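Q: Here's a sequence, model it:
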Amino acid sequence: MRYIRRVIDPSPHPAPGAARLSVRSAAERTAALVNVLTGADPTADEVTRVLREHGEAVPAEGLGADGLTGLRQAAALLRTVFAATGPDEAAARLNGVLARTPGPLRLTSHGGTTPWHPHLDRDDEEASWGEWLLASSALALTVLVWERQRPPGGVCASPSCGRVFLTSGGGPERRYCSRRCATRERVAAHRRTARHRAAPPGGEPGGKRDRESGRGPGAGRGVSA
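A: Here you go, the predicted model:
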């Protein structure tokens, strides 16, 4: 199976910094797969498309029902890491994920066809799809937490989104997965504030207080006994 191996230089002697780029690539792949796999009833074709977009080879026979189920179970666990609110919580959740990997930690070059890189499995080719996603993602996210001492990403704060995303390191805390979500929520908040300011004291126009004070629909109408 494929682990942290997507590097700029595919030779057995990659350029300095290739491992860091490879970790980032694996983490980006993790976020993309978590988003598609934890969505509403993902199809094998949808998941296969994301895998291939991130350089993963899917056999002609496809993922299979067991493969898709294993990937979805792994993605549900990995999503909890993105939902962590601080480094301690992220580390604890990652430790839980690492405990589920088949292990042990080892280095492999896939018979000299790739640079040396870590695996958390029993064999290069025997891991199931779920084991591969869990182990390769856990390695990448672990490195990010280790390097930055902060969660590797987050979950979009937009109620209509909920996608996970990676953070890029320093700077202010990020709350949204994209500028589109951030802009949509800012516009929605502005509209709520404008409506609140436009409403008269006591509630919406035409409410009970308006009628009692002689404003609004029905004001001044008598009530027969």
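
Q: now the chain, which segments are flagged as low pLDDT?
A: For the chain, the stretches with pLDDT under 70 are 1-21, 124, 169, 190, 201-225.

Q: So which residue is dead centre in it?
A: In the chain, the residue lying closest to the centroid (C-alpha atoms, centre = their mean) is residue 164, at 2.2 Å.

Q: who touches the closest residue to that one other than its chain neighbours in this structure?
A: Distances taken as C-beta to C-beta, 6 or more residues apart in numbering put residue 82 closest to residue 164, at 4.0 Å, once the chain neighbours are dropped. Placement of C-beta: from N, CA and C, glycine included. Shown in contact with residue 82 (C-beta atoms under 8 Å, 6 or more residues apart in numbering): 31, 34, 151-155, 164-165.

Q: Just put those in a markdown table and tack on secondary structure.
A: Below are the contacts of residue 82 laid out as a markdown table (DSSP: H, G, I helix; E, B strand; the rest coil):
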| residue | secondary structure |
| --- | --- |
| 31 | helix |
| 34 | helix |
| 151 | coil |
| 152 | coil |
| 153 | strand |
| 154 | strand |
| 155 | strand |
| 164 | strand |
| 165 | strand |
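
Q: just those now: which is nearest residue 102?
A: residue 34 (20.0 Å; C-beta to C-beta).

Q: I'd guessed that closest one sits against residue 78; true?
A: Yes. Residue 34 lies in contact with residue 78 (C-beta atoms under 8 Å); the separation is 5.3 Å.

Q: overlap in contacts of these two?
A: Joint contacts of residue 34 and residue 78 (C-beta under 8 Å, 6+ apart) do not exist.

Q: Which stretches in this protein count as strands?
A: 105-108, 117-120, 153-155, 164-166 (DSSP state E).

Q: Nearest to residue 97 among those would be which one?
A: strand 117-120 (10.0 Å).

Q: CA atoms only: put the closest one into CSV for me.
A: Listed next in CSV are the C-alpha coordinates belonging to strand 117-120 (Å, rounded to 0.1, in the frame of the first residue of the first chain):
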residue,chain,number,x,y,z
HIS,A,117,9.4,6.4,4.3
PRO,A,118,7.5,5.2,7.4
HIS,A,119,4.7,2.6,7.5
LEU,A,120,2.5,1.5,10.4
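
Q: Summarise which helices and strands it is packed against.
A: strand 105-108, helix 129-148 (3 or more C-beta pairs under 8 Å, 6 or more residues apart in numbering; DSSP states H and E).

Q: Would you mark the buried spots in stretch 109-126?
A: Buried residues in stretch 109-126, defined by neighbour count with 16 or more other C-beta atoms under 10 Å: 110, 114-115, 117-121, 124.

Q: Isn't residue 81 up against residue 154?
A: No. The criterion here is C-beta under 8 Å, and residue 81 misses it with residue 154 at 10.3 Å.

Q: who's more crowded, these two?
A: residue 81 (27 against 20; other C-beta atoms under 10 Å).

Q: In contact with that one, which residues?
A: Here residue 81 is in contact with 90, 93-94, 97, 141, 151-152 (C-beta under 8 Å, 6+ apart).

Q: And for it, nearest residue in space, chain neighbours not counted?
A: Using C-beta to C-beta, 6+ apart, the nearest residue to residue 81 is residue 93, at 4.9 Å.

Q: how near is the one you found to residue 78?
A: In this view, residue 93 and residue 78 are 9 Å apart by C-beta to C-beta, to the nearest Å.
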